[in-house]
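Q: just need the structure, nothing else, for what follows:
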Amino acid sequence: MSKTPKKIPMRQCVGCREMKPKKEMIRVIRTAGEDDGEEILLDATGKKNGRGAYLCRNRECLRTAQKSRGLERSLKTAIPDEVYETLTKEMEELEGR
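A: Model (predicted):
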């Protein structure tokens, strides 16, 4: 008996719209906060609770997602510019590793 190859979960980047393996991507989540409403965060582990959208590990896809409002559509909420700035900084830190 031959083993069937393990299925690799694929996700679509909200920036470049390419399908890639989930492990190669960064998850951006919208959490339902108690007092301060909702928060938009980078989820490096991919396991946090919240509505998620996936981005490639580069700033270009984040910029494209910002221009096309792809991230806002996926997370079903308006995203202020400060959040994009924070996400860009966090993305730079991840790229530096």
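Q: what segments of this protein are helices?
A: For the chain, the helices defined by DSSP state H cover 59-68, 70-75, 81-96.
Q: ok, the nearest residue to residue 13 once chain neighbours are set aside - contacts?
A: Excluding the flanking residues, the one nearest residue 13 by C-beta to C-beta, 6 or more residues apart in numbering is residue 56, at 4.8 Å. Every residue, glycine included, has its C-beta placed from N, CA and C. Counting by C-beta atoms under 8 Å, 6 or more residues apart in numbering, residue 56 touches 13, 15-16, 18, 20, 24-26.
Q: buried ones in stretch 68-86?
A: 70-72, 74-75, 79, 83-84 (16 or more other C-beta atoms under 10 Å).
Q: please disregard the earlier target; I meant stretch 48-65.
A: For stretch 48-65, by 16+ other C-beta under 10 Å, it's 50, 53-56, 58, 61-62, 64-65.
Q: please apply the same query to stretch 28-43.
A: 28-30, 40-43.
Q: next: stretch 8-22.
A: Neighbour-count burial for stretch 8-22 [16+ other C-beta under 10 Å]: 11, 13-15, 20.
Q: could you dump the residues you listed to JSON lines with pLDDT?
A: Below are these laid out as JSON lines (pLDDT from 0 to 100):
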{"residue": "11", "pLDDT": "95"}
{"residue": "13", "pLDDT": "95"}
{"residue": "14", "pLDDT": "95"}
{"residue": "15", "pLDDT": "94"}
{"residue": "20", "pLDDT": "96"}
